[in-house]
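Enquirer: I would like to see how this sequence folds:
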Amino acid sequence: MEINDATEMLGALSYEARLRIFRYLVRQGPDGASAGDIASACEITASTLSHHLNQMRNAGLIERTRQSRSLIYVADFKTMNALIDFLSDECCNGQPELCRSTKEVRT
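Expert: This is a model prediction of the structure:
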């Protein structure tokens, strides 16, 4: 991952509503959630939600699929893990054994 990619992702998550939405989608796992379910769970209006979802999609943090008449949004776990790896890559001045491994926590 390049620093520009990480900057875009972190920028997308720097809004409280987007961070709330992303964490909700992470909790939903690979099944994701419909826009209506996200709006209800995160207490966000549909028009505002649409804007936030588009920003997160543009940053590569979430994916959207169509199931029948519903749009389903899913956290992109591969991208999320790549961002975490990027942030912790040089942990503890090159001595990762001094830090709690994020890879061990996630696996």
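Enquirer: ok, which stretches of this protein are helices?
Expert: With DSSP state H, the ranges of helices along the chain come out as 3-12, 16-28, 35-42, 46-58, 77-88, 91-94, 102-106.
Enquirer: what angle separates the fifth one from helix 16-28?
Expert: Read that as helix 77-88. 120 degrees (axes from the mean of the first three to the mean of the last three C-alpha atoms, to 10 degrees).
Enquirer: of the helices of the chain, which approaches residue 69 most closely?
Expert: Shortest distance between residue 69 and these, using C-beta to C-beta, is found for helix 35-42: 10.9 Å. In this view, the C-beta of every residue, glycine as well, is placed from N, C-alpha and C.
Enquirer: Just the buried residues of that closest one, please?
Expert: 35, 38, 39, 42 (16 or more other C-beta atoms under 10 Å).
Enquirer: Show me what it is packed up against.
Expert: Under the contact definition 3 or more C-beta pairs under 8 Å, 6 or more residues apart in numbering; DSSP states H and E, helix 35-42 sits against helix 16-28, helix 46-58, strand 70-75.
Enquirer: In the shortest one, which residues are buried?
Expert: Within strand 70-75, the residues scored as buried using 16+ other C-beta under 10 Å are 71, 72, 73, 74, 75.
Enquirer: Which of those lies at the shortest distance from residue 92?
Expert: So of the buried residues of strand 70-75, ranked by how close each gets to residue 92 (C-beta to C-beta), first place is residue 75, at 27.5 Å.
Enquirer: what's the closest non-adjacent residue to the closest one?
Expert: Using C-beta to C-beta, 6 or more residues apart in numbering and skipping the chain neighbours, the partner closest in space to residue 75 is residue 25 (4.1 Å).
Enquirer: which regions of the protein lie under the pLDDT threshold?
Expert: Scanning the chain for pLDDT under 70 picks out 94, 96-97, 99-107.
Enquirer: quick revisit: among the buried residues of strand 70-75, which one sits closest to residue 87?
Expert: Minimum distance to residue 87 across these is 16.6 Å, recorded for residue 75 (C-beta to C-beta).
Enquirer: Which residues are in contact with residue 18?
Expert: Applying C-beta atoms under 8 Å, 6 or more residues apart in numbering, we find residue 18 in contact with 12, 52, 55, 56.
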